[in-house]
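Asker: Here is a sequence with its predicted model. Questions after.
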Amino acid sequence: MKVSRDVPLSELTLRKYEKPYEMSRRDLIRKVCLSTGLLQPGDSRDVIVDIFQILLDSKSDLTSEEIRTQVIQSRKDNKLPLNGIASSNIRRQLKRLRDMYFIEKYKNTYRVHEKEEISVIFQEKIEKFLLPSIVARIREYVKAL
């Protein structure tokens, strides 16, 4: 007998942390990644934080290799281990940021989605679009019970 795998159509993990009092920019980005499930609590492989910060701070669109080069330099500058800097992992993390609608691929480069403020992206793409569709589907399952 063959057992089918349950593959979600979309997925959203949300976590609540303390209020953002006097945190460095990197720590704020880290909390956003933790709060939205892009980073797991206790995970030492936090290269997604560097990738996200580079894209948030960039004035221009960047290729995955340009992002990788900047990630390596950033991690060296901050005396962080060079974990997760393989090109394949950088592309995987970029895909995860794209799946959350924080960034977009434009031609062969990456940038913050529509060059918009992150707070606006979160409100429009996650709060108003992704979250309600997931909650509505869960309601359908609960009602069917």
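Answerer: Looks like it came in fine. Numbers count the residues shown, from 1 in each chain.
Asker: Correct me if wrong, but Ile126 is in a strand.
Answerer: No. Secondary structure assignment places Ile126 outside any strand; it is helix (DSSP: H, G, I helix; E, B strand; the rest coil).
Asker: how near is the spatially most central residue of the chain to Lys115?
Answerer: Relative to the mean C-alpha position of the chain, the nearest C-alpha, by C-alpha atoms, centre = their mean, is the one of Leu97, at 3.6 Å. With the distance defined as C-beta to C-beta, to the nearest Å, Leu97 ends up 15 Å from Lys115. C-beta: built from backbone N, CA, C; applies to glycine.
Asker: What of Leu145?
Answerer: Relative to Lys115, Leu145 is positioned 44 Å away (criterion: C-beta to C-beta).
Asker: Which of those two has more residues huddled nearby?
Answerer: Using other C-beta atoms under 10 Å as the criterion, Leu145 and Lys115 rank with Lys115 on top: 10 against 4.
Asker: State the distance from Ile126 to Glu66.
Answerer: The value you get for Ile126 to Glu66, if C-beta to C-beta is used, is 27 Å.
Asker: no, scratch that, I was asking about Pro81
Answerer: 21 Å.
Asker: Between these two, point out the one with more neighbours.
Answerer: Between Pro81 and Glu66, counting by other C-beta under 10 Å, Glu66 is the more crowded of the two (15 against 11).
Asker: Look at the more buried one and give its secondary structure.
Answerer: Each residue gets one of three states, and Glu66 gets helix by three-state DSSP.
Asker: go on, Asp50?
Answerer: Applying three-state DSSP: Asp50 is helix.
Asker: what are the ranges of the strands in the protein?
Answerer: Listed in chain order, the strands found in the chain under DSSP state E are 103-106, 109-112.
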